[in-house]
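Peer 1: My questions are about this predicted structure, shown below with the sequence.
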Amino acid sequence: MNIVKVDAMGDNCPIPVIKTKKALDALTESAIVEVSVDNEIALQNVIKMANQKELSTTSETINENHFIIRIQYGDVESQEVQKEEILCKVDKEEKTVVVLSSDKMGEGNDDLGKVLIKGFIYALTQLDKYPKSILLYNSGVKLSSEGSDSIEDLKILENNGVEILSCGTCLNFYELSDKLKVGSVTNMYTIVEELSSATNVIRP
C-alpha cells in the first residue's frame, strides 16, 4: 500500500493538522498517511482530525520529542459519500457556537467578571437547546481547567452533546496542559472551522 509521509516536526499549531489534511485531501486511492510530530498536543490534534473524518489511526512514540501517527485512508468513493451525508446534515441544523476568550465576563471589576462568567456558563445548562460547541481560548481555557468553578456545569453541557474545545497553545501558555478537566484540546484550524460553519456565534 502507498505510504505518504508528512513531516510536521518543529511545526506549531495548527500547521501539523493543516499539512495532514492537505495530504489526505490530495489522495485518490487507498494509502497510509504517516505523520511525524514532536509534541503530544500535535499528536492529539492530528488524531482528532482523522477521527472526525472517520479514518482509523494508530500512533507510535519514538521518544519524548518524536511521535508518529499512521492514518488509514481507504475507499475514496465511500468516504466522499460519508462526507456528503455529514455536510447535508450540518447544513440543515442551526449551529450555535459559544466563544469564551476570557475567564471573566465584560470589562471593569475582575471579581465581578468572574462571577458573571460563572453565571453565564450555568445559564447555558438551563437552555432548552444547547449550543453545538464551546470554544475556549486565551485565558478562557482556565474555565475548563483545574481550579475552575465552572467544571461541573461544563461537564453537564458535555454530557448533553456539547463539544468543549480548549486551545492547546493557550493551555501550554498558561501551563495548564496537564490540568484540563473537561472537554478536549483543539487547535486554531478547528477553531476557525467551527466559527466559519456556525450559524450563530455567542461571545459574552
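Peer 2: In hand now; what should we look at?

Peer 1: State the next helix or strand along the chain beyond the worst-scoring helix or strand of the chain on mean pLDDT.
Peer 2: Using mean pLDDT, DSSP states H and E, the weakest-scoring helix or strand in the chain turns out to be helix 76-92, at a mean of 41. Next along the chain after helix 76-92, taking DSSP states H and E as the criterion, comes strand 96-100.

Peer 1: Residues touching that following strand, excluding its own?
Peer 2: Applying Cβ atoms under 8 Å, 6 or more residues apart in numbering, the external contacts of strand 96-100 come out as 117, 121, 124, 129, 131-137, 140, 143, 194-195, 198-204. Yep, even glycine has a C-beta here, placed from its N, CA and C like the rest.

Peer 1: In the chain, where is pLDDT below threshold?
Peer 2: When residues are selected by pLDDT under 70, those of the chain lie in 75-93.

Peer 1: What's the local residue count around Glu193?
Peer 2: Neighbour count for Glu193, taken as other Cβ atoms under 10 Å: 16.

Peer 1: ok, Lys181 touching Leu143?
Peer 2: No. With contact defined as Cβ atoms under 8 Å, Lys181 does not count as touching Leu143 (9.9 Å).

Peer 1: who's more crowded, those two?
Peer 2: Leu143 (28 against 18).

Peer 1: Let me see the backbone angles for the more buried one.
Peer 2: Backbone torsions of Leu143, given as degrees, to the nearest 10, read phi -70, psi -20.

Peer 1: Give the full set of residues in contact with Lys142.
Peer 2: By Cβ under 8 Å, 6+ apart, the contact list for Lys142 reads 103, 148, 174, 176.

Peer 1: Check for me that it belongs to a helix.
Peer 2: Yes. Counting by DSSP: H, G, I helix; E, B strand; the rest coil, Lys142 is found in a helix.

Peer 1: quick revisit: go ahead and build a PyMOL selection from the buried members of the contacts of Lys142.
Peer 2: To isolate the buried subset of these in PyMOL, counting by 16 or more other Cβ atoms under 10 Å, use the following:
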select buried, resi 103+148+176
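
Peer 1: Among the contacts of Lys142, give me the pair with the biggest separation.
Peer 2: By the measure Cβ to Cβ, Ser148 and Tyr174 form the most distant pair in those, at 11.9 Å.

Peer 1: give me every residue that touches Thr199.
Peer 2: Applying Cβ under 8 Å, 6+ apart to Thr199 gives the contacts 94-96.

Peer 1: just the buried members of the contacts of strand 96-100?
Peer 2: Those of those that meet the buried threshold are 117, 121, 124, 131-137, 140, 143, 194, 198, 204, by 16+ other Cβ under 10 Å.

Peer 1: returning to what we had before: out of the contacts of Thr199, who's nearest Tyr189?
Peer 2: Lys95 (17.3 Å).

Peer 1: before we move on, back to that, okay, the contacts of Lys142 in JSON lines with secondary structure next?
Peer 2: Shown next, in JSON lines, are the contacts of Lys142 (three-state DSSP):
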{"residue": "Asp103", "secondary structure": "coil"}
{"residue": "Ser148", "secondary structure": "coil"}
{"residue": "Tyr174", "secondary structure": "coil"}
{"residue": "Leu176", "secondary structure": "coil"}
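
Peer 1: What is the nearest of the contacts of Lys142 to Lys53?
Peer 2: Leu176 (28.1 Å).
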